[in-house]
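Peer 1: Sequence first, then the predicted structure, then my questions.
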Amino acid sequence: MKRHHDLGGEPAGPVALSDHPTEPWAKLITATMAALRARGYSTIDETRRVIEDLPPEDYDRAYFERWAEALVALLDEKGMVSRAEVEARMAKLRAELEAKP
């Protein structure tokens, strides 16, 4: 069965080859995924699966946003950190940022 994210062989538009700065949070996502693999907590196949299992409405999100969503799903699936814990921490960080003058 072909999954929503499997675009192999499908027509596509031009590929943008311009460089752009990578946000620090995107680098953190990459490093976290690599650390999980390096320590044997996940495999590249698991990473691919959780990205491909994202709901269709998430595929229009930016590349690293999909990776972040997949990381949360993987950590939750493995019982390392729950989605609720991640969402609670994100809410706390947002509140702290909004409280700053």
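Peer 2: Nice, thanks for sending it over. All of these numbers come straight from a predicted model, not from anything done at the bench.
Peer 1: Extract the C-alpha trace of the helix ranked longest in the chain and format it as PDB.
Peer 2: Counting residues, the longest helix found in the chain (DSSP state H) is helix 83-99. Extracted C-alpha coordinates of helix 83-99, given in PDB (Å, rounded to 0.1, in the frame of the first residue of the first chain):
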ATOM      1  CA  ARG A  83       3.300  13.700  24.000                       C
ATOM      2  CA  ALA A  84       1.500  15.300  26.900                       C
ATOM      3  CA  GLU A  85       4.900  16.100  28.600                       C
ATOM      4  CA  VAL A  86       6.200  17.700  25.400                       C
ATOM      5  CA  GLU A  87       3.000  19.700  25.000                       C
ATOM      6  CA  ALA A  88       3.100  20.800  28.600                       C
ATOM      7  CA  ARG A  89       6.700  22.000  28.300                       C
ATOM      8  CA  MET A  90       5.900  23.800  25.100                       C
ATOM      9  CA  ALA A  91       3.000  25.600  26.800                       C
ATOM     10  CA  LYS A  92       5.200  26.600  29.600                       C
ATOM     11  CA  LEU A  93       7.900  28.000  27.300                       C
ATOM     12  CA  ARG A  94       5.300  29.900  25.300                       C
ATOM     13  CA  ALA A  95       3.900  31.400  28.500                       C
ATOM     14  CA  GLU A  96       7.400  32.500  29.600                       C
ATOM     15  CA  LEU A  97       8.100  34.100  26.200                       C
ATOM     16  CA  GLU A  98       4.800  35.900  26.200                       C
ATOM     17  CA  ALA A  99       5.400  37.200  29.700                       C
END
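Peer 1: Name the nearest residue to the residue nearest the centre of the chain, sequence neighbours excluded.
Peer 2: The C-alpha lying nearest the average C-alpha coordinate of the chain belongs to Trp67 (CA atoms, centre = their mean; 1.7 Å). Spatial nearest neighbour of Trp67, excluding adjacent residues (CB to CB, 6 or more residues apart in numbering): Ile29 at 5.0 Å. (Glycine included, C-beta is placed from N, CA and C.)
Peer 1: Alright, that wraps it up for me.
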